[in-house]
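Peer 1: Just the structure for this:
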Amino acid sequence: MATVLICLVYTVGLATASVGCDLAQSSCPAVEPDSAPAASTMGSITARVQIAGLPGAVAAPGSPTPAPQVLGPAAGATIQIIDPQAPDTLVTEQISDARGEASFQVVSGTYWVVVPWSDHVAGLAAAPTVAAFLPNGQAVLAWQEVTILDGAFEVMLTIVVALP
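Peer 2: Reported below is the predicted structural model:
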């Protein structure tokens, strides 16, 4: 009767493999795990940032609030990708091009695409900015949550400024 000894147990991802060895053998045979861990799926985010202005005059009571008027792309805006599970940790950051665009490659997951807070917007130094707020209460100029499974995702962010 041969005596069997488990000489190796290992885990890779969620798969576990074990090998039985005869004591008379000097080493255990090589074994591949049941399945290799899945590679992380990558996706892309293309963020477009535009500037919109609110008229400086306050609407009369009972009057509808006017919609912001798009002024153009936000060239030179900082765009950040943040993990909502660790909002103090920056995943990546880029500066938008002349069209107000920047593209990011990210691992699949949920992210906040953010234009961080600033008192002014490039090219509109005299126009005060209007804050938006992340779910954690942090003031930003604009943001949107996106979930990337695979493939490409486009997001439009609008920075709102108060016009004179």
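Peer 1: so how far is stretch 94-110 off the chain centroid?
Peer 2: 9 Å (CA atoms, centre = their mean, to the nearest Å).
Peer 1: Name the residues of it that come out as buried.
Peer 2: By neighbour count on 16 or more other CB atoms under 10 Å, the buried set for stretch 94-110 is 96, 100-102, 104, 106, 109. C-beta here means a position set from N, CA and C on the backbone, and glycine is covered the same way.
Peer 1: Let's see which of the residues you listed end up in strands.
Peer 2: 101-102, 104, 106, 109 (DSSP state E).
Peer 1: Any regions of this structure where pLDDT drops low?
Peer 2: Scanning the chain for pLDDT under 70 picks out the ranges 1-39, 57-59, 122-123, 125.
Peer 1: what residue is smack in the middle of it?
Peer 2: The chain has residue 111 as the residue nearest its centroid, 3.0 Å off, counting by CA atoms, centre = their mean.
Peer 1: hang on, the earlier thing: taking the buried residues of stretch 94-110 together, which two end up most distant?
Peer 2: 100 and 109 (24.5 Å; CB to CB).
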